[in-house]
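Asks: missing the sequence, but the structure's below:
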């Protein structure tokens, strides 16, 4: 099975990771700064609470708690998240690929798991884009009950894929580094 970055040579994959990983962190810091005022009693986790509102009444309470300025911040956050989703998905997918290549030969379960999780990040980014669209629809005044539910499901699946990919990288990295030295 090929991986999402098969079009890059292994040295280019390492260089790409060295670029996208710090950019991911930088955009994450910016998103945190933008979203900090969105933490309210109605949305204790800010924009993440909005992602998991799940129903129209809960989403509406969050939007009301933010006021006009907060809704502008939420829109900015969701817009910037379209860049972030490309960055984090690329960083995690590349991390999965780099760790898989060091941990095990192609065809083994460990290697295939890394490749599958790399592809999973493409799925996570796609889910994140759909989730953002649903949340933007709510910000723009839609009263369709579909949007909070769609956002919830996309967010839940996205976070599951991201956590699985990060877990693979973080647990596999020490073993990959040990193999490199050995």
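Replies: Thanks, I have it. Please read these numbers as outputs of a predicted model, since none were measured by experiment.

Asks: helix, strand or coil: sort out residue 7 for me.
Replies: Going by DSSP: H, G, I helix; E, B strand; the rest coil, the secondary structure assigned to residue 7 is coil.

Asks: pLDDT below threshold where in the protein?
Replies: Along the chain, the parts satisfying pLDDT under 70 run over 180-182.

Asks: pull out the buried positions in stretch 76-96.
Replies: Judged by neighbour count using 16 or more other C-beta atoms under 10 Å, the buried positions of stretch 76-96 are 77-78, 80-81, 84-96. (C-beta placed from N, C-alpha, C; glycine too.)

Asks: longest helix in this structure, please.
Replies: Once the chain is assigned using DSSP state H, the helix that runs over the most residues is helix 56-103.

Asks: packing partners for the helix or strand following it?
Replies: The element immediately downstream of helix 56-103 (helix or strand, assigned by DSSP states H and E) is helix 109-139. For helix 109-139, the helices and strands in contact under the criterion 3 or more C-beta pairs under 8 Å, 6 or more residues apart in numbering; DSSP states H and E are helix 47-51, helix 56-103, helix 146-181.

Asks: how distant is stretch 92-107 from the center of its chain?
Replies: The chain centroid and the centroid of stretch 92-107 are separated by 19 Å, computed with C-alpha atoms, centre = their mean, to the nearest Å.

Asks: how about stretch 119-128?
Replies: With C-alpha atoms, centre = their mean as the basis, the mean position of stretch 119-128 lies at 8 Å from the chain mean.

Asks: likewise stretch 79-91?
Replies: Taking the mean of its C-alpha atoms, stretch 79-91 sits 7 Å from the chain's own mean (C-alpha atoms, centre = their mean).

Asks: identify the residues contacting stretch 24-43?
Replies: Residues outside stretch 24-43 that contact it (C-beta atoms under 8 Å, 6 or more residues apart in numbering) are 45-47, 49-50, 61-62, 64-66, 69-70, 73-74, 76-77, 80-81, 83-84, 87-88, 90-91.

Asks: sorry, back to before: and the longest helix of the chain, what does it pack onto?
Replies: Helix 56-103 sits against helix 10-35, helix 47-51, helix 109-139, helix 146-181, with contacts defined as 3+ C-beta pairs under 8 Å, 6+ apart.

Asks: got a list of what residue 97 touches?
Replies: 3, 4, 5, 13, 114, 115, 118 are the contacts of residue 97 under C-beta under 8 Å, 6+ apart.

Asks: how close does the residue nearest to residue 46 when sequence neighbours are not counted get to residue 153?
Replies: Sequence neighbours aside, residue 38 is the residue nearest to residue 46 in space, at 3.8 Å (criterion: C-beta to C-beta, 6 or more residues apart in numbering). As for residue 38, its distance to residue 153 is 21 Å (criterion: C-beta to C-beta, to the nearest Å).
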